[in-house]
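S.K.: sequence unavailable; structure follows:
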Ligand SMILES: NC(=O)c1ccc[n+]([C@@H]2O[C@H](COP(=O)([O-])OP(=O)(O)OC[C@H]3O[C@@H](n4cnc5c(N)ncnc54)[C@H](O)[C@@H]3O)[C@@H](O)[C@H]2O)c1
């Protein structure tokens, strides 16, 4: 896909990886619809995209809310034209053990609310935004591309029952979409980043960050621009489909 004048939606674009994806894709001349809960952060991303070959518009929204997602995709079609690419990037972590115990005594259990919160943002919202994007790509007849952001954690990782389940679900759903939507000229692919330099990872205690870095063959966290360029690769490469691109400095969980 040549991104010039294409309508591209990025979720979670108010900071971190999503903000860097916005800058990279705007530089290639796309019309960007930037979605996030954080309106102030979105405005800053819009500002950073100004002066590039493209244009960007902020759409504050909770991507877990079905009605709000349907409404915002309708507004994007009206403002910028039918969606031609979507990057499902919004995500959260909320780590805890399934069961925390000491000396055979149960100290706490991961609550259902705790589990559901991560599934809602990291899996349900991917479904909702992917569905609305696919509707517009089919109705316009132009097809398109959906890039879902999974994680190397999809292989399973201590303290992340909720996150790993969501990210494995995202990877599987992507393959399903690649198979189902190919007849409509829609590709779907996934990126599984390793640990990257964003606020999400900054929240990990420094001693654990050091332990993680020592397990990464590249001996450093990924840079947001390295993930952004990977998104660009998938958007532009019409033969990349139904696969997970691992961008992790060689780290395997
Ligand atoms: N940073 C990493 O090391 C890493 C590694 C692997 C995968 N990922 C994935 O990459 C994606 C981006 O990660 P990041 O590090 O940039 O995270 P981040 O926390 O810096 O940014 C996530 C953005 O998503 C937004 N968001 C959260 N819930 C939302 C909701 N309900 N509706 C709309 N927006 C919402 C937040 O406001 C925030 O701006 C996530 O899906 C994450 O799971 C990150």
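M.R.: Right, received. Where do you want to start? Predicted model only: the values in this text are computed from it and were never measured. Residues are numbered from 1 along each chain as shown.

S.K.: how about the longest helix seen in the chain, does it get close to the ligand?
M.R.: The longest helix of the chain (DSSP state H) is helix 161-181. No. Remark: helix 161-181 sits outside contact range of the ligand, by C-beta under 6 Å from any ligand atom, the gap being at least 6.9 Å. In this view, the C-beta of every residue, glycine as well, is placed from N, C-alpha and C.

S.K.: pull out the buried residues from that helix.
M.R.: By neighbour count on 16 or more other C-beta atoms under 10 Å, the buried set for helix 161-181 is 161-171, 173-175, 177-178, 181.

S.K.: same check on stretch 47-63?
M.R.: Within stretch 47-63, the residues scored as buried using 16+ other C-beta under 10 Å are 49, 52, 54, 56, 58-61, 63.

S.K.: any chance of those residues in TSV, plus secondary structure and distance to residue 118?
M.R.: Shown next, in TSV, are the buried residues of stretch 47-63 (DSSP: H, G, I helix; E, B strand; the rest coil; distance: C-beta to C-beta, whole Å):
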residue	secondary structure	distance to residue 118
49	helix	29
52	coil	33
54	coil	32
56	strand	28
58	strand	25
59	strand	23
60	strand	21
61	coil	19
63	coil	13
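
S.K.: so the most centrally placed residue in the chain versus residue 198, what's the distance?
M.R.: Closest to where the C-alpha atoms of the chain average out (C-alpha atoms, centre = their mean) is residue 89, at 1.6 Å. Distance from residue 89 to residue 198, counting by C-beta to C-beta, to the nearest Å: 11 Å.

S.K.: tally of neighbours for residue 219?
M.R.: Neighbourhood size, residue 219 [other C-beta atoms under 10 Å]: 10.

S.K.: state the number of residues packed around the nearest residue to it once chain neighbours are set aside.
M.R.: Excluding its sequence neighbours, the residue lying closest to residue 219 (C-beta to C-beta, 6 or more residues apart in numbering) is residue 213, at 6.2 Å. Number of residues near residue 213 (other C-beta under 10 Å) recorded here: 15.

S.K.: so residue 213 sits in a helix?
M.R.: Yes. Residue 213 forms part of a helix when assessed by DSSP: H, G, I helix; E, B strand; the rest coil.

S.K.: which ones are touching it?
M.R.: Going by C-beta atoms under 8 Å, 6 or more residues apart in numbering, residue 213 touches 195, 219-221.

S.K.: drop anything exposed from those residues.
M.R.: Neighbour counting with 16+ other C-beta under 10 Å marks 195, 221 as buried within the contacts of residue 213.

S.K.: thinking again about what came up before, which residues does the residue nearest to the centre of the chain contact?
M.R.: 10-13, 17-18, 21, 149.

S.K.: contacting the ligand as well, which ones from the residues you listed?
M.R.: By C-beta under 6 Å from any ligand atom, the members of those lying near the ligand are 11-12, 17-18, 149.

S.K.: now, these that are in strands?
M.R.: Within the ones next to the ligand among the contacts of residue 89, residues falling in strands by DSSP state E are 11, 149.

S.K.: go ahead and name everything in contact with the lowest-mean-pLDDT helix or strand in the chain.
M.R.: The helix or strand of the chain with the poorest confidence is helix 199-202; it has a mean of 90 (mean pLDDT, DSSP states H and E). Identification of contacts with helix 199-202 by C-beta under 8 Å, 6+ apart yields 15-16, 91-93, 195, 209, 221.
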